[in-house]
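1. sequence first, then the predicted structure, then my questions.
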Amino acid sequence: MKVVIVGGVAGGASAAARLRRLDEQAEITIFERSGYISYANCGLPYYIGGVIEEQEELTLQTPASFQRRFNIEVKVGHEVQAIDRAQKQVTVCDLASGQTFQAGYDKLILAPGAQPVRPPLPGVDSPRLLTLRTVEDTLHIREAATADGVQSAVVIGGGFIGVEMAENLRELGLNVSLIQRENHLLAPLDQDLASFLHAHMREHGVNLLLEQTVTGFAETEAGIAVQLAAGEPVRADLAILAIGVQPENALAKAAGLQLGTKGSITVNERMQTSDPDIYAVGDAVAITNTVTGQPAVIALAGPANKQGRVAADNIAGLDSRYAGSPGSSVLKVFEMTAAFCGLNEQAAQAAGLAYEKLIVSPASHAAYYPGGRQMTIKLLFDKQTEKILGAQIVGFDGVDKRLDVIACAMQAGLSVRALKELDLAYAPPYSSAKDPVNMLGFVAENVITGKVKQFFYEDIAGLPKDGSVTLLDTRTEAEYRRGHAADFGLNIPLDSLRERLAELPADKPVYVMCQTGIRSYIACRILQQNGFDCFNFAGGYRFYASVHDDQFDADCRTDCGL
């Protein structure tokens, strides 16, 4: 059996290695357009920033090592230009010599990945406007960023690559501006969670330009100028275009294979295209979003590797299926971490889902053990079924651990209340006896059973200002003096609340805030059992300050140990 694989990075290399382990006799050939295979796509920005010091550390295999270990022929610098489905052969160009030839196949795997989006703007083809996709791109950017006299860089786009490039260029000591058309970074996050990252990046010297539309590019004597719809151009020595990626579908489209959402290659659960002898994997394909059940393009290394394995299994005669992905992701942003899976609010609303949300701000580990830092977790669940729809977490230590637990719970079909039952490992340096994931389950149960009613940041502007409601802050006087939400003019510390109930009009609803939402919840339980109609502010003042002012308290306060 002859198997040809187009693309030798995550999905393609994974498929090739798996297929060899299953079939020692198969004739397997990989054609890779770039000069490298099996390289760490996700590590490329960190080589530019100097975190990964040696270029060789980016490549997990070379053509020679792949040949020795797996007996697979790897031809780098070879671009597959056409597929002849009738003759079952591909046309290949040796980019070094320019010569073309045909290679036959019994089974074909397409793993071309995704390509950077280059919008049709004036100056977009300037050689000074760089994109990041391959090792060659990485080497070029690293050389440009470390050249004599280079002091500034501008990054266009606030997605994964844009944020990572901004961080790593800043770590090189460059003055960095990041331009984003939307009002927040990282589309999988909601704006409220992204606000924590905005503050942190600004603390590290990144000039964030949000809600700015780029209209074109112009070369200058020293570098490049990025022109904006509003405001002066942003001038820099170096520019990185990172506004997103799109499936590389040219081969599939020309071959008449079925395409789907965003121009992706349509595949079934076995990773077969509309031609049963052609498989496709990785960033170029549409898979099932396991939360909505709808097709989605999820350009991540984990799914690509799993899909490569599934394709290889089926070619080898096994019955292997890829169920889809909720898009579990994690990202380093200087000292902070952002992680997410499933749906955010915008996606849930677009899907027409009736959801409830929770916002909690637990400590990364027991507050009495030194070094604890707070994280903020936002979780969405279906009001009727209690199905977990998605989670977003921003913080410092332990963020990835909690996101992974929630992602596993989602895949296992656990309800949001079941999170309180999870028996998770605990020791003071690592967690609390009630882990942050357990806390989500406790809060969900309180909300579902009516033990607490919530209100959110977006509700504050609509609260009556005519005195018909009571706006109460239950933090200490010192905390209140450091800063409080506008219109929350009444400060009664929680520990004094029972003795001061007479100060609250019994016939008015009470909206309560504290630092992270724990003391205000306790206050609401006191008030409700004394006949008051009470609402707890989800996330606390720390959350409010981040969304409202792009600033937040990174250290644990008194709420952390409660």
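-> Looks like it came in fine.
2. most centrally placed residue in the protein?
-> Nearest to the mean C-alpha position of the chain, counting by C-alpha atoms, centre = their mean, stands Ser329 at 4.6 Å.
3. just list the residues touching the nearest residue to that one once chain neighbours are set aside, thanks.
-> In this structure, Ser329 finds its nearest non-sequential neighbour in Phe340, 5.7 Å apart by C-beta to C-beta, 6 or more residues apart in numbering. Every C-beta, even on glycine, is put in place using the N, C-alpha and C of the backbone. Contacts of Phe340 were listed using C-beta atoms under 8 Å, 6 or more residues apart in numbering, and they are Pro188, Leu189, Gly327, Ser328, Ser329, Gly390, Ala391, Gln392, Ile393, Leu403.
4. so which of these sit within strands?
-> Ser329, Gly390, Ala391, Gln392, Ile393 (DSSP state E).
5. the residue of the chain most remote from its centre and Ser496, how far apart?
-> Most distant residue from the mean C-alpha position of the chain: Ala502, 48.1 Å away (C-alpha atoms, centre = their mean). Using C-beta to C-beta, to the nearest Å, Ala502 is found at 12 Å from Ser496.
6. reformat the contacts of Phe340 as TSV; add pLDDT.
-> What follows is the contacts of Phe340, written out as TSV (pLDDT from 0 to 100):
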residue	pLDDT
Pro188	96
Leu189	97
Gly327	95
Ser328	97
Ser329	97
Gly390	98
Ala391	98
Gln392	98
Ile393	98
Leu403	98
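7. just the closest of these to Ala461, please.
-> Leu189 (21.5 Å; C-beta to C-beta).
8. and the closest residue to the closest one other than its chain neighbours, how many neighbours does it have?
-> Leaving aside its sequence neighbours, Leu189 sits nearest to Gln392 (C-beta to C-beta, 6+ apart; 5.4 Å). Neighbouring residues of Gln392 were enumerated by other C-beta atoms under 10 Å; the total is 28.
9. gap between Trp302 and Tyr322?
-> Not quite, residue 302 is Gly, not Trp. Distance, Gly302 to Tyr322, by C-beta to C-beta: 12 Å.
10. have a look at these two and say which one is more surrounded.
-> For Gly302 versus Tyr322, neighbours defined as other C-beta under 10 Å are more numerous around Tyr322 (23 against 14).
11. pull up the per-residue confidence for the more buried one.
-> Here the pLDDT value assigned to Tyr322 is 97.
12. got it, and Asn41?
-> 82.
13. any idea how far it is from Ala299?
-> In terms of C-beta to C-beta, Asn41 sits 10 Å off from Ala299.
14. who touches both of the two?
-> With contacts taken as C-beta under 8 Å, 6+ apart, Asn41 and Ala299 have no neighbour in common.
15. which ones are touching Val74?
-> By C-beta under 8 Å, 6+ apart, the neighbours of Val74 are Gly8, Thr29, Ile30, Glu32, Ile37, Pro63, Phe66, Gln67.
16. look up phi and psi at the nearest residue to it once chain neighbours are set aside.
-> Among residues not flanking Val74 along the chain, Pro63 sits closest, at 3.9 Å (C-beta to C-beta, 6+ apart). Main-chain dihedrals, Pro63, degrees, to the nearest 10: phi -50, psi -40.
17. do I have it right that Pro63 meets Ile37?
-> Yes - if you go by C-beta atoms under 8 Å, Pro63 and Ile37 touch, sitting 6.3 Å apart.
18. common neighbours of those two, please.
-> Residues touching both Pro63 and Ile37 (C-beta under 8 Å, 6+ apart) are Val74, Val76.
19. more neighbours: these two, which one.
-> Legend: neighbour count by other C-beta under 10 Å for Pro63 and Ile37, higher for Ile37 (25 against 20).
20. that one belongs to a strand?
-> No - going by DSSP: H, G, I helix; E, B strand; the rest coil, the assignment for Ile37 is coil, not a strand.
21. residues touching Asp382, list them.
-> Leu353, Ala354, Tyr355, Glu356, Leu389.
22. wait, which of those is closest to Asn344?
-> Leu389 (9.2 Å).
23. where do the strands sit along the stretch 401-550 of the chain?
-> Under the criterion DSSP state E, counting those that start in this stretch, strands of the stretch 401-550 of the chain are mapped to 454-455, 470-473, 490-491, 510-513, 534-537.
24. do a quick rundown of the helices in the stretch 51-200 of the chain.
-> Under the criterion DSSP state H, counting those that start in this stretch, the stretch 51-200 of the chain contains helices at 63-70, 135-145, 160-171, 191-203.
25. export those helices as CSV, with columns for distance to Asn438 and mean pLDDT.
-> Compiled in CSV, these are given as follows (distance: least, C-beta to C-beta, whole Å; pLDDT from 0 to 100):
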stretch, distance to Asn438, mean pLDDT
helix 63-70, 44, 93
helix 135-145, 41, 94
helix 160-171, 30, 97
helix 191-203, 21, 97
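26. with respect to burial, which of these scores highest?
-> Of all those, helix 160-171 carries the top mean neighbour count, a mean of 24, counting by mean count of other C-beta atoms under 10 Å.
27. that helix versus helix 191-203: what angle between them?
-> 20 degrees (axes from the mean of the first three to the mean of the last three C-alpha atoms, to 10 degrees).
28. show me the shaky parts of the stretch 101-250 of the chain.
-> For the stretch 101-250 of the chain, no stretch has pLDDT under 70.
29. for the helix or strand where Gln349 lies, the distance to its chain's centre please.
-> When elements are assigned from DSSP states H and E, Gln349 belongs to helix 345-350. Chain-centre distance of helix 345-350: 16 Å, with C-alpha atoms, centre = their mean, to the nearest Å.
30. please renumber so the chain begins at 327
-> Let's use 327 as the start, then, which means that last one is helix 671-676.
31. buried stuff in it?
-> Residues of helix 671-676 classed as buried by neighbour count (16 or more other C-beta atoms under 10 Å): Glu671, Ala673, Ala674.
32. for Ala770, see how far away Asp859 is.
-> To Ala770, Asp859 is 21 Å away according to C-beta to C-beta.
33. tell me which of the two has more neighbours.
-> Ala770 (23 against 16).
34. quick one, what contacts Arg851?
-> Neighbours of Arg851 in contact, by C-beta under 8 Å, 6+ apart: Lys777, Val778.
35. how close does it sit to Arg824?
-> Distance of Arg851 to Arg824, given as C-beta to C-beta: 11 Å.
36. the strands in the stretch 477-626 of the chain, which residues?
-> With DSSP E, counting those that start in this stretch as the criterion, the stretch 477-626 of the chain has strands spanning 478-482, 501-506, 533-536, 540-545, 550-554, 560-562, 564-567, 571-573, 591-592, 604-606, 611-614, 621-622.
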